[in-house]
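Q: model the following, please.
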Amino acid sequence: MSTAALAHPPSPAHTATLLRVSDALLLAVAVVWGTSYGVAKGALAHFPVLGFLAVRFLLTLVCLSPALWRLDRAGWRASLATGLPTGGLLLGIFLCETYGVAQAPASQAAVLISLCVLFTPLVEWAWLGKRPGRVLWLAAGASLLGAAALALGGQANPWASPTLGWGVPLLLAAAALRGLTLCVTRQITQAQASPAPALAVTAVQAAVVGGACALLQWASAPTLPALPQAASFWWACAYLVAGCTVFAFFAQNWALRHGSPSRVALLMGTEPVWGALFAVAWLGESLTPLQWAGAAVVVGATVWATRRQA
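A: Got it, this is the predicted structure:
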């Protein structure tokens, strides 16, 4: 923490305002991430996983490159100190998540990733020594039950599908890595006297993920496939770059300066709800009463927990 911050600590009203803004941004992240599974699954029909991730994150780097140009030497050091290790973790998340989405239905992907809500307090306890409070445990448990009802309530036996393969364990690994990434990012930014700009950190993270995926694609198949010509692929990339990467990573990195990793994970754990609403409104799908009840439980638990913590 800087000397100026110690001399002029933020007022309770200012802190509460920042927390409300942080919560609103994270709910918006949950909305765009909740819709991302179906979008990504459509894009993967045109291009392999590694090539798709390389395109997505290198485009993100191009979009955010102006944030790097404005950095001074201290800003570069802070951005690299935060972006390189968390970028490595994000690489693991997106490899597990995208390969998992390629093998599992999008609705099941959403509910499995929402297990980050439960994993994050455990990682925060083990990594940062912060024991989760009763409110977080109750809300996390309710959210998981609601998410399970939402994803499974409309199918007779969704887990019996032989097409799941490695999808389930990969998505579980992605959820656990999300919890670890939130805690590592929080620890690094709190230790910095002057935290790096959120957009610059996101640019470094995008460079790590995009560059690594491009290298892995080249190593696995030196003759790269031709870029897809389908407009749907590029529209999907544009949505994922602008909403699910540039905005979402910026919002998450910024919010972690004003709230705990568990609070961040809880708000973003509403992803399955928004994914289901997207499917109903845009794709013409329908929800059973049990699924609507699950969505209400997730939203209600999140609102209750954030109000209690505030």
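Q: surely Cys96 is in contact with Leu170?
A: Yes. Using C-beta atoms under 8 Å, Cys96 is in contact with Leu170, at 4.5 Å. C-beta coordinates here come from the backbone N, C-alpha and C atoms, glycine included.
Q: quick one: Phe233 from Arg73, how far?
A: 40 Å (C-beta to C-beta, to the nearest Å).
Q: after the strand or helix carrying Leu215 comes which helix or strand?
A: Assigned by DSSP states H and E, Leu215 falls within helix 198-220. Moving toward the C-terminus from helix 198-220, the next helix or strand (DSSP H and E) is helix 231-239.
Q: could I have that next one exported to CSV, CA atoms only?
A: What follows is helix 231-239, C-alpha atoms only, in CSV (Å, rounded to 0.1, in the frame of the first residue of the first chain):
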residue,chain,number,x,y,z
ALA,A,231,-18.8,-15.4,-40.7
SER,A,232,-20.2,-17.2,-37.6
PHE,A,233,-16.7,-18.1,-36.5
TRP,A,234,-15.5,-14.5,-36.6
TRP,A,235,-18.6,-13.1,-35.0
ALA,A,236,-18.0,-15.6,-32.2
CYS,A,237,-14.4,-14.5,-31.9
ALA,A,238,-15.4,-10.9,-31.8
TYR,A,239,-17.9,-11.5,-29.0
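Q: show me what that helix is packed up against.
A: helix 12-43, helix 49-69 (3 or more C-beta pairs under 8 Å, 6 or more residues apart in numbering; DSSP states H and E).
Q: now Pro222: phi and psi?
A: phi -50, psi -30 (degrees, to the nearest 10).
Q: phi, psi for Leu227 please.
A: phi -60, psi 140.
Q: meant to ask about Leu115, not that
A: phi -60, psi -10.
Q: and it, how many neighbours?
A: Leu115: 23 surrounding residues under other C-beta atoms under 10 Å.
Q: one more: the one 3 residues further on?
A: Residues lying near Leu118 (other C-beta under 10 Å) number 22.
Q: how much space between it and Gly42?
A: 29 Å.
Q: wait, doesn't Leu44 sit right on Gln103?
A: No. Here Leu44 does not reach Gln103: they are 10.1 Å apart, not a contact under C-beta under 8 Å.
Q: these two: which has the busier surroundings?
A: Leu44 (19 against 15).
Q: pull the CA atoms of the helix or strand encompassing Gly300 into CSV?
A: Gly300 belongs to helix 289-309 when assigned by DSSP H and E. The C-alpha coordinates for helix 289-309 follow below in CSV (Å, rounded to 0.1, in the frame of the first residue of the first chain):
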residue,chain,number,x,y,z
PRO,A,289,-39.9,-25.7,-13.2
LEU,A,290,-37.0,-27.4,-11.4
GLN,A,291,-34.5,-25.5,-13.6
TRP,A,292,-36.3,-22.2,-13.0
ALA,A,293,-36.2,-22.9,-9.3
GLY,A,294,-32.5,-23.6,-9.5
ALA,A,295,-31.9,-20.3,-11.2
ALA,A,296,-33.9,-18.5,-8.5
VAL,A,297,-31.8,-20.2,-5.8
VAL,A,298,-28.5,-19.1,-7.4
VAL,A,299,-29.6,-15.5,-7.8
GLY,A,300,-31.1,-15.4,-4.3
ALA,A,301,-28.1,-16.9,-2.6
THR,A,302,-25.8,-14.4,-4.4
VAL,A,303,-27.9,-11.4,-3.5
TRP,A,304,-28.2,-12.5,0.1
ALA,A,305,-24.5,-13.2,0.6
THR,A,306,-23.3,-10.0,-1.0
ARG,A,307,-25.8,-7.9,1.1
ARG,A,308,-24.7,-9.7,4.3
GLN,A,309,-21.0,-9.1,3.5
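Q: give the buried residues for it.
A: Gln291, Trp292, Gly294, Ala295, Val297, Val298, Val299, Ala301, Thr302, Ala305, Thr306, Gln309 (16 or more other C-beta atoms under 10 Å).
Q: what's the answer for stretch 237-246, then?
A: Cys237, Tyr239, Leu240, Val241, Gly243, Cys244, Thr245, Val246.
Q: which residue packs closest to the third one, ignoring adjacent ones?
A: Leaving aside its chain neighbours, Leu240 sits nearest to Arg56 (5.5 Å; criterion: C-beta to C-beta, 6 or more residues apart in numbering).
Q: which ones are touching the one you found?
A: Gly210, Cys237, Leu240, Val241, Thr245 (C-beta atoms under 8 Å, 6 or more residues apart in numbering).
Q: burial measure for Pro66, as a count.
A: Neighbours of Pro66 (other C-beta under 10 Å): 11.
Q: quick one: closest of the helices and strands packed on helix 231-239 to Thr82.
A: helix 49-69 (13.1 Å; C-beta to C-beta).
Q: of the contacts of Arg56, closest to Gly284?
A: Leu240 (21.9 Å).
Q: how much space between that closest one and Tyr37?
A: 11 Å.
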